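Trainee: what's the 3D shape of this:
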Amino acid sequence: MANPATIMVCKNCGHEMYRDGACEACGWRIGWVPVAQHSDGTSTFVREPRHKFFTASILLTTLVGVIAFIAGVAEGAAAGIIFGPLMVIAGVAAWKKTRLGKLWQGLPPGDRCAALPGLAIGTVIALMLIPVTIMIVAVFAMLPKARDL
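Mentor: Numbers count the residues shown, from 1 in each chain. Next up, the predicted model:
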């Protein structure tokens, strides 16, 4: 008997299928998007496009978590020691579930919920970096040019 955690319902035809395999009825897999339905009942699929913002969010979450942990240990800050590993865990979970931003549309609800904390943290970090980047560009724009010195 198959493990119930490895079985899911096909998003294309509704038959039961293994999560890591193709649907026996229509051939759909997680990460594939149907593009054509033929008259004989078969479908044509293409790979889901890579979600670049998801990839950036996941990498930001993981990287900032590592930096926060290292800074927390170096400075003796409890927040960095506690929240750094939590951010790394959220980033790695999102990395694993979305295959680093390659999957989203076909994911089962449980996998989406597991990936959301890492994606949300990375989105907040990315949104915080926008004003910092604008300020850095503005400061460099106000600096005198080499020819003016």
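Trainee: Every contact and neighbour count from this point should use C-alpha atoms.
Mentor: OK.
Trainee: Mind picking out the helix or strand in this structure with the poorest mean pLDDT?
Mentor: Least confident helix or strand, the chain: strand 32-37 with a mean of 79, by mean pLDDT, DSSP states H and E.
Trainee: What is the next helix-or-strand element following that strand packed up against?
Mentor: Under the assignment DSSP states H and E, the closest C-terminal helix or strand after strand 32-37 is strand 43-47. Under the contact definition 3 or more C-alpha pairs under 8 Å, 6 or more residues apart in numbering; DSSP states H and E, strand 43-47 sits against strand 32-37.
Trainee: List the buried residues of the strand it packs on.
Mentor: Using 16 or more other C-alpha atoms under 10 Å as the test for burial, strand 32-37 gives 32, 33.
Trainee: before we move on, what about stretch 97-116?
Mentor: Buried residues in stretch 97-116, defined by neighbour count with 16+ other C-alpha under 10 Å: 97-98, 100-104, 106-108, 111-112, 114-116.
Trainee: any weak-confidence spans in this protein?
Mentor: Counting by pLDDT under 70, the chain contains low-confidence residues at 1-5, 41, 149.
Trainee: how about the helices in it?
Mentor: 52-75, 78-98, 109-142 (DSSP state H).
Trainee: measure residue 12 to residue 35 for me?
Mentor: Using C-alpha to C-alpha, to the nearest Å, residue 12 is found at 11 Å from residue 35.
Trainee: ugh, wrong one, I meant residue 23
Mentor: Residue 23 is 16 Å from residue 35, by C-alpha to C-alpha.
Trainee: Show me what residue 44 is bridged to.
Mentor: Beta bridges link residue 44 to residue 36, judged by DSSP bridges.
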